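Chemist: No letters, just coordinates:
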């Protein structure tokens, strides 16, 4: 076997090893994301909510102060959340509030 054939074979083997490493890494990351979704879903929701509510809170903060803006933002968030998840959720939230008054 000449040195060129050996070099060609080693180069081909390295390409296969790199390909298998990449495939293994994709499978490993996919499995980690799948089994870690219990942790990642609330974090993603929190980041999404922060992106939506941040500008509102900053605008209110300029007018009434930081503490009051935080309380107002939290109250509006908790009042609006049931209506954001679907029409039946909003109706059930209204019915629950009606049940609490009795």
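Modeler: Okay, I see it. What you see is a predicted model, and the numbers here were worked out from it, not measured in a lab.
Chemist: Helix or strand next in line after the helix ranked longest in the chain, which one?
Modeler: Looking across the chain with DSSP state H, the single longest helix is helix 3-35. Under the assignment DSSP states H and E, the closest C-terminal helix or strand after helix 3-35 is helix 37-64.
Chemist: mean confidence for that next one?
Modeler: Averaged over helix 37-64, pLDDT sits at 87.
Chemist: So for that helix, what gets flagged as buried?
Modeler: For helix 37-64, the buried set under the neighbour-count rule, 16 or more other C-beta atoms under 10 Å, comprises 57, 60, 61. Quick note: C-beta positions are derived from backbone N, CA and C, even for glycine.
Chemist: Take those residues and write them to CSV, including distance to residue 68.
Modeler: Listed next are the buried residues of helix 37-64 as CSV, based on distance: C-beta to C-beta, whole Å:
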residue, distance to residue 68
57, 11
60, 8
61, 8
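Chemist: by contact count, what packs against the helix or strand harbouring residue 78?
Modeler: Element membership of residue 78, judged by DSSP H and E, is helix 66-84. In terms of contacts (3 or more C-beta pairs under 8 Å, 6 or more residues apart in numbering; DSSP states H and E), helix 66-84 is packed against helix 37-64, helix 87-101.
Chemist: the inter-axis angle of the longest one versus helix 3-35?
Modeler: Compare the direction of helix 37-64 with that of helix 3-35 by axes from the mean of the first three to the mean of the last three C-alpha atoms, to 10 degrees and you get 60 degrees.
Chemist: and the angle from helix 37-64 to helix 66-84?
Modeler: Taking the same axes, to 10 degrees, helix 37-64 and helix 66-84 form an angle of 130 degrees between their directions.
Chemist: helices and strands around helix 37-64, which ones?
Modeler: Counting contacts by 3+ C-beta pairs under 8 Å, 6+ apart, helix 37-64 packs against helix 66-84.
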